[in-house]
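Asker: I'll drop the sequence and a predicted model, then ask my questions.
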Amino acid sequence: MAPTPNVKEATGNQSSWNTLLPDFPKGPLSKYRKKASFNWKEMAVFLDGEDIIRLKNRIFSALESDPFFAHHPGEELSREKYQELTFLRCKRLFEYDFLTQQEIIENPLKILNMVICIGMYDWSPCLQFFLHCGVFGGTILSASKRFADFAKKIYNMEIFGCFALTELSHGTNTKGIRTTATFDHNTQEFIINSPDFEAAKFWVGNMGKHATHAVVYAQLYTPDGQCQGLHSFIVQIRDTKTLLPMPGVMVGDIGKKIGQNGLDNGFAMFHNVRIPKESILNITGDVSPEGKYSSSFKDVKERFSAALGSLSTGRILITAVSATNLKLALSIAIRFSATRHQFGPTDEEEIPVIEYQTQQWRLLPYLAAAYALDYFSKSLFENFVEFYAGLLTKQRSQRQADLGREIHALSAASKPLSSWTAQQAAQECREACGGHGYLAMNRLGEIRNDNDPNCTYEGDNNVLLQQTSNYLMSWMNCIRSKRLSFKYEMHYYIRQEKAMDVSTGWSEADIRSSVMSGRDSVDIFYEICLPQLRSGISRSIYRETTAEVAKCVSFLFKQLKDDAVALVDVFAPPDFILNSPIGKASGEVRLLVFHVYTFYSCVIHKWNVHNRT
Ligand SMILES: CCCCCCCCCCCCCCCCCCCCCCCC(=O)SCCNC(=O)CCNC(=O)[C@H](O)C(C)(C)COP(=O)(O)OP(=O)(O)OC[C@H]1O[C@@H](n2cnc3c(N)ncnc32)[C@H](O)[C@@H]1OP(=O)(O)O
Ligand SMILES: Cc1cc2nc3c(=O)[nH]c(=O)nc-3n(C[C@H](O)[C@H](O)[C@H](O)COP(=O)(O)OP(=O)(O)OC[C@H]3O[C@@H](n4cnc5c(N)ncnc54)[C@H](O)[C@@H]3O)c2cc1C
């Protein structure tokens with residue numbers, strides 16, 4: 001299911017768009033805005049719809065008028081102060097209560113847009129907030145009704161949570177996790193233990209300073225000495241009032257990172273910490289009072305997949321998070337390129353650097369990628385919502401299992417695609433802005449460094465891609481050995497059709513009628529799909545030479561460069577949120593940058609003098 005563009009809303013009248021999306025201040029960028037071949041407001045309403053734009057406006061203006069979210073330009077916040085401020089901001093996000101449960105149920109895309117809006121301001125408070133209520137809270141909610149009371153405490157922030165899977169010595173290899181949870185049937189408790197330092201939980205967001213509770217992944221041991229595999233448990237790690245570590249828990253902050261330094265990533269070791277029996281998140285299995293293990297998953301591999309199922313949520317969100325970073329970097333680089341003048345036909349008349357073909361080649365493909373990834377990440381999120389609803393209602397159907405596998409395979413490919421694209425783009429945008437791109441206050445370094453861990457957390461990109469390859473290979477094997485059920489074949493071909501339709505001209509109806517007429521799946525694949533695919537590939541590779549493609553692309557760039565500013569206007573946040581002097585909506589870069597730079601250096605100079613005296 002793809003998000004439906006808001007065709008109806010986009011046909012609305014100009015005055016309602018103007019109320020929702022005010023005009024930009026006049027300035028050097030006006031020239032390019034006038035050249036645009038489309039109305040950016042109409043495009044914004046077409047893509048998001050008025051309701052989402054209203055939500056975005058609500059969030060952006062709340063942050064802008066709240067002193068807690070004021071920027072501190074020129075001021076070097078220490079890491080400790082930045083972490084404190086981030087936590088205060090996170091608490092404010094709770095107070096704002098931007099979305100009601102009802103609103104989320106009616107339009108789940110709103111939660112994704114909320115992540116995007118807050119992240120555009122700063123990823124640290126955004127991740128802190130969503131690690132607590134989305135990753136920690138979401139994992140607990142999907143377990144069972146047993147945790148309903150606990151959930152209340154999460155959402156009124158009586159407790160503060162984190163998600164602790166990774167250990168010092170095992171990250172990717174989740175089967176190798178060594179923390180143990182041993183059931184003691186005499187006391188009806190689990191005993192959580194870290195066998196040694198290498199089994200310390202490590203990297204855990206929110207754990208460094210603020211978390212009072214953790215979802216801890218551990219190998220479950222029943223009294224018969226059997227290891228039942230990876231399961232998750234709620235463990236209190238700090239006192240909720242004093243924030244002192246609970247008995248048997250050693251917990252702390254892991255230190256400065258390359259980015260996201262407002263967030264307190266931490267470590268923890270457990271020395272025979274006793275937790276009540278009810279603390280097991282009975283997603284994949286449970287233990288009886290006598291210590292007998294039971295699971296609705298008979299197959300160990302399926303149980304393992306389900307135990308790690310919640311990771312897919314993060315991967316899908318990271319696809320959108322990275323696409324957001326891509327948009328931020330492009331907003332700055334394209335606006336700057338349209339106002340920055342170097343060289344020209346005469347010594348007196350210099351031209352904006354966006355007019356240079358090399359600048360277009362460097363930036364415009366990323367602009368296209370931003371639109372593609374934005375649409376793709378939202379459509380994937382909507383697929384995920386269907387799967388998540390099944391999880392919450394405890395569906396155990398074949399369709400739910402297939403959906404889970406497919407969501408895993410898709411998110412394991414989409415996260416690498418989006419995070420790597422954003423990472424390369426952030427660097428290209430930094431260079432495309434020359435020296436000004438390297439000045440910290442222009443934010444491209446922060447965007448690049450904050451995006452960087454998207455390539456690693458929730459699964460290293462390189463390893464995740466192997467998961468998608470495994471999935472595709474298993475499909476091929478199923479087709480070859482004719483092991484697919486009819487329903488599964490439909491599922492397969494319809495998906496394939498969506499992916500390949502553009503290059504081959506297949507229609508869903510062709511394939512559907514072949515499948516419905518009972519034709520063999522291998523025959524369909526080799527006789528219909530493969531020849532179509534081959535001809536599609538040969539059309540694009542052999543008939544169009546590289547030089548022709550280059551000519552064609554250059555021609556398109558020439559047209560697109562006049563639309564580039566308007567295309568960025570569609571997704572750029574307000575100046576306060578973008579927080580980059582060279583990315584200002586007016587394009588008043590030259591004068592402004594000079595004023596801002598000199599102002600800050602004076603302030604810093606005065607401050608230093610004051611401190612010395
Ligand atoms: C109705 C209203 C709905 C509203 C919806 C609301 C949505 C809620 C929104 C909430 C907002 C949330 C906001 C989040 C903000 C996003 C920011 C996130 C910030 C990130 C913080 C960082 C957190 C972390 O990093 S946590 C630690 C993450 N760690 C990892 O990811 C470890 C990586 N390693 C692994 O995952 C695995 O071990 C792996 C995949 C490498 C597999 O290893 P292994 O080789 O041992 O096993 P395999 O043999 O390959 O696999 C066995 C089998 O299992 C299948 N499988 C594996 N994983 C999954 C999965 N996740 N899902 C399904 N299936 C899985 C695998 O495919 C194999 O199956 P086969 O059939 O054999 O192929
Ligand atoms: C900022 C940040 C926040 C984080 N937050 C959390 C959190 O809240 N909770 C949590 O539990 N974890 C968290 N993590 C940990 C994160 O999930 C892990 O770093 C990630 O899963 C990778 O594990 P690793 O660091 O142990 O790398 P390793 O698994 O040691 O990987 C190192 C290298 O080896 C390669 N490699 C490993 N296995 C294979 C293989 N089979 N084939 C080919 N190459 C392989 C990898 O590609 C990688 O290049 C966070 C990490 C960061 C950076």
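Answerer: Yes, it's here. Ligands and ions are numbered 1, 2, ... in the order given.
Asker: who's in contact with the residue in the stretch 151-300 of the chain that ligand 1 sits nearest to?
Answerer: Nearest residue of the stretch 151-300 of the chain to ligand 1: Thr174, at 3.6 Å (Cβ to the nearest ligand atom). C-beta coordinates here come from the backbone N, C-alpha and C atoms, glycine included. By Cβ atoms under 8 Å, 6 or more residues apart in numbering, the residues touching Thr174 are 165, 217, 230, 308.
Asker: go on, Asp51?
Answerer: So Asp51 contacts 107, 110 (Cβ under 8 Å, 6+ apart).
Asker: rerun at 7 Å
Answerer: Asn107 (Cβ atoms under 7 Å, 6 or more residues apart in numbering).
Asker: Dump the helix or strand it falls within to CSV, restricted to CA.
Answerer: Element membership for Asp51, per DSSP states H and E: helix 50-64. Presented in CSV, the C-alpha positions along helix 50-64 are these (Å, rounded to 0.1, in the frame of the first residue of the first chain):
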residue,chain,number,x,y,z
GLU,A,50,-3.4,19.9,4.8
ASP,A,51,-3.8,17.9,8.0
ILE,A,52,-0.1,16.8,8.2
ILE,A,53,1.0,20.4,7.3
ARG,A,54,-1.1,21.7,10.2
LEU,A,55,0.6,19.2,12.5
LYS,A,56,4.1,20.2,11.2
ASN,A,57,3.2,23.9,11.7
ARG,A,58,2.0,23.2,15.2
ILE,A,59,5.2,21.4,16.2
PHE,A,60,7.6,23.9,14.5
SER,A,61,5.9,26.9,16.1
ALA,A,62,5.8,25.3,19.5
LEU,A,63,9.5,24.7,19.4
GLU,A,64,10.3,28.1,18.1
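Asker: okay, the contacts of Thr174 in a markdown table with pLDDT and secondary structure next?
Answerer: What follows is the contacts of Thr174, written out as a markdown table (pLDDT from 0 to 100; DSSP: H, G, I helix; E, B strand; the rest coil):
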| residue | pLDDT | secondary structure |
| --- | --- | --- |
| Leu165 | 98 | coil |
| Tyr217 | 97 | strand |
| Leu230 | 96 | strand |
| Leu308 | 88 | coil |
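Asker: can you narrow those to ones near ligand 2?
Answerer: For ligand 2, the contacts drawn from these by Cβ under 6 Å from any ligand atom are Leu165.
Asker: just to revisit the earlier point, how about the residue of the stretch 151-300 of the chain closest to ligand 1, phi and psi?
Answerer: Main-chain dihedrals, Thr174, degrees, to the nearest 10: phi -70, psi -30.
Asker: for the one 3 residues further on, same thing?
Answerer: When read as degrees, to the nearest 10, the backbone of Ile177 gives phi -60, psi 140.
Asker: Test my guess that it contacts Cys227.
Answerer: No: counting by Cβ atoms under 7 Å, Ile177 does not reach Cys227; the two are 11.3 Å apart.
Asker: Of those two, give the one with the bigger neighbour count.
Answerer: The residue with more neighbours, out of Ile177 and Cys227, is Ile177; 21 against 11, by other Cβ atoms under 10 Å.
Asker: contacting residues around the more buried one?
Answerer: 167, 170, 217-219, 230.
Asker: What separation do you get for it and Leu168?
Answerer: Distance of Ile177 to Leu168, given as Cβ to Cβ, to the nearest Å: 11 Å.
Asker: For ligand 2, give me its nearest residue in the stretch 151-300 of the chain.
Answerer: Gly171 (1.9 Å).
Asker: Check whether that residue sits in a helix, strand or coil.
Answerer: coil (DSSP: H, G, I helix; E, B strand; the rest coil).
Asker: Repeat that for Ser379.
Answerer: Going by three-state DSSP: Ser379 is helix.
Asker: neighbours around it, how many?
Answerer: For Ser379, using other Cβ under 10 Å, the count is 14.
Asker: From Gln467, how far off is it?
Answerer: From Ser379 to Gln467 the distance is 20 Å (Cβ to Cβ).
Asker: again, but for Ser414
Answerer: 12 Å.
Asker: who's more crowded, those two?
Answerer: Ranked by neighbour count (other Cβ under 10 Å), Ser414 and Gln467 place Ser414 first, with 23 against 15.
Asker: what's downstream of the helix or strand the more buried one falls within, the next helix or strand?
Answerer: Assigned by DSSP H and E, Ser414 falls within helix 398-432. Using DSSP H and E, the helix or strand that follows helix 398-432 in sequence is helix 434-438.
Asker: Counting neighbours, which bits of that next one end up buried?
Answerer: If you call a residue buried by 16 or more other Cβ atoms under 10 Å, then helix 434-438 has these buried ones: 436-437.
Asker: now do stretch 89-102
Answerer: Quick answer for stretch 89-102 (16+ other Cβ under 10 Å): 89-93, 98-99.
Asker: what does the stretch 401-550 of the chain put close to ligand 1?
Answerer: Taking Cβ under 6 Å from any ligand atom as the contact definition, the stretch 401-550 of the chain meets ligand 1 at 404-405, 408, 457-459, 463, 467, 470, 474.
Asker: which of these are close to ligand 2?
Answerer: Among these, ligand 2 is touched by 457-459, 463 when using Cβ under 6 Å from any ligand atom.
Asker: Can you select the buried ones from those in PyMOL?
Answerer: Remark: buried members of these, expressed as a PyMOL selection using 16+ other Cβ under 10 Å:
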select buried, resi 457+458+459
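Asker: Let's have the ones next to ligand 2 among the residues of the stretch 401-550 of the chain next to ligand 1 in CSV, adding secondary structure and pLDDT.
Answerer: Output for these, formatted as CSV (DSSP: H, G, I helix; E, B strand; the rest coil; pLDDT from 0 to 100):
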residue, secondary structure, pLDDT
Tyr457, coil, 98
Glu458, coil, 97
Gly459, coil, 97
Val463, helix, 95
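Asker: how deep is Glu198 tucked in, by neighbour count?
Answerer: Neighbour number of Glu198 under other Cβ under 10 Å is 12.
Asker: Which residue is the nearest non-sequential neighbour of it?
Answerer: Ser169 (3.9 Å; Cβ to Cβ, 6 or more residues apart in numbering).
Asker: isn't that neighbour right next to Phe197, touching?
Answerer: No: in this structure Ser169 lies outside contact range of Phe197 using Cβ under 7 Å: 8.8 Å.
Asker: Among those two, which residue is more densely surrounded?
Answerer: Ser169 (15 against 12).
Asker: Low-confidence regions, the stretch 451-600 of the chain specifically.
Answerer: 479-545, 590-600 (pLDDT under 70).
Asker: Swap in 80 and give it another go.
Answerer: 475-545, 547, 549, 589-600 (pLDDT under 80).
Asker: ok, which residues in it are in contact with ligand 2?
Answerer: Going by Cβ under 6 Å from any ligand atom, the residues of the stretch 451-600 of the chain near ligand 2 are 453, 456-460, 462-463.
Asker: Just give the number of residues close to the residue in the chain that ligand 1 sits nearest to.
Answerer: When scored by Cβ to the nearest ligand atom, the chain has Gly134 as its residue closest to ligand 1, at 2.6 Å. Neighbourhood size, Gly134 [other Cβ under 10 Å]: 19.
Asker: So it belongs to a helix, correct?
Answerer: Yes: counting by three-state DSSP, Gly134 falls inside a helix.
Asker: distance of it from Phe163?
Answerer: Gly134 is 10 Å from Phe163, by Cβ to Cβ.
Asker: show me where the stretch 1-150 of the chain has helices.
Answerer: Taking DSSP state H, counting those that start in this stretch as the criterion, the stretch 1-150 of the chain carries its helices at 7-10, 14-20, 30-35, 40-48, 50-64, 79-96, 101-106, 109-121, 123-130, 137-141, 148-155.
Asker: tilt between the fifth one and helix 79-96?
Answerer: For helix 50-64 and helix 79-96, the angle between their directions (axes from the mean of the first three to the mean of the last three Cα atoms, to 10 degrees) works out to 130 degrees.
Asker: Could you figure out how far helix 50-64 is turned away from helix 40-48?
Answerer: Going by the same axes, to 10 degrees, helix 50-64 makes 110 degrees with helix 40-48.
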